[in-house]
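> here's my sequence, what's the structure:
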Amino acid sequence: MRLNIPTMLTWLRILMIPVFVGAFYWPENLHKLSAMPSHQVNIFATTIFLIAAITDWLDGYLARRLNQTSAFGAFLDPVADKLMVAAALIVLVEFGRVGAIVSLIIIGREITVSALREWMAGEGQSSSVGVAMIGKVKTAVQMIAILFLLFWDDIDLGGLGVFPTQILGHVLIVIAAFLTLLSMAYYLKAAWPKLKDK
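Predicted structure coming up:
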């Protein structure tokens with residue numbers, strides 16, 4: 001395995017996962033100096049997830065820009081993304097910030113489409129299930145929704161009122177789940193001729 005800047009960023013994203021999850025289980029009663037109030041935990045976890053989202057874009061950009069694309073990097077990058085999203089959704093379910101059904105839809109879709117792409121690649125048809133625009137839109141809405149749900153606390157805008165982080169997070173995650181189903185249907189339709197032959 002040859003390490004380069006994009007691959008190191010992807011590994012960094014994977015290493016962020018235990019730090020991200022651990023923030024929600026900080027031993028608040030272990031020592032007063034180490035305690036982080038809930039709001040600080042939310043900010044910390046949101047920051048970690050945002051950094052992960054930025055490195056997701058950055059490693060792909062650098063891989064193309066520096067001509068450092070590799071088969072291993074192409075494999076590891078989506079694995080890192082799915083692990084981070086799954087970790088975030090599981091934590092959000094546990095703390096009652098998102099419904100289990102919505103999380104199952106999103107995580108189930110990721111597993112299904114990943115398996116479909118792997119199978120199609122084995123059949124020499126990987127281009128048929130390449131990333132489509134609906135998949136990119138789904139990812140963008142999903143990431144914004146998760147960021148809002150991680151931050152959780154509404155933001156006081158002074159004279160302009162309150163920015164309803166929780167409400168927007170809930171609305172966007174439902175939209176993301178709907179787009180998740182649409183994108184899965186799109187990929188299954190693209191792969192259907194090959195699936196039908198089997």
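> pLDDT of the one helix or strand Ala185 maps to, averaged?
Take DSSP states H and E as the rule and Ala185 turns out to sit in helix 165-197. Helix 165-197 carries an average pLDDT of 88.
> and it, what's buried?
165, 169-170, 172-177, 179-180, 183-184, 186-187, 190-191, 194 (16 or more other CB atoms under 10 Å). (Glycine included, C-beta is placed from N, CA and C.)
> C-terminal to the helix or strand containing Arg13, what's the next element?
Arg13 belongs to helix 5-23 when assigned by DSSP H and E. Going down the chain from helix 5-23, the next helix or strand is helix 38-65, by DSSP H and E.
> show residues contacting stretch 162-174.
97-98, 102, 141-142, 144-149, 151-157 (CB atoms under 8 Å, 6 or more residues apart in numbering).
> Leu66 reaches Asn4, doesn't it?
Yes. Judged on CB atoms under 8 Å, Leu66 makes contact with Asn4 at a distance of 7.4 Å.
> neighbour-wise, which of those two wins?
Asn4 (17 against 11; other CB atoms under 10 Å).
> per-residue pLDDT, that one?
For Asn4, the model assigns a pLDDT of 83.
> that one and Ser70, how far apart?
Between Asn4 and Ser70 the distance is 7 Å, computed by CB to CB, to the nearest Å.
> list residues touching both of the two?
Ala63.
> my guess is Lys48 meets Ala23, correct?
One thing to correct before we go on: residue 48 is Ile, not Lys. Yes. Between Ile48 and Ala23 there is a contact under CB under 8 Å: 7.0 Å.
> how is the chain divided into domains?
1-95, 99-198 (automatic domain parsing).
> picking up where we left off before, quick one: the helix holding Ala185 to helix 38-65, angle?
Counting by axes from the mean of the first three to the mean of the last three CA atoms, to 10 degrees, helix 165-197 lies at 40 degrees to helix 38-65.
> need the three-state assignment for the residue sitting nearest the centre point of the chain.
Residue closest to the average C-alpha location in the chain (CA atoms, centre = their mean): Val85, at 3.2 Å. Secondary structure state of Val85, per DSSP: H, G, I helix; E, B strand; the rest coil, is helix.
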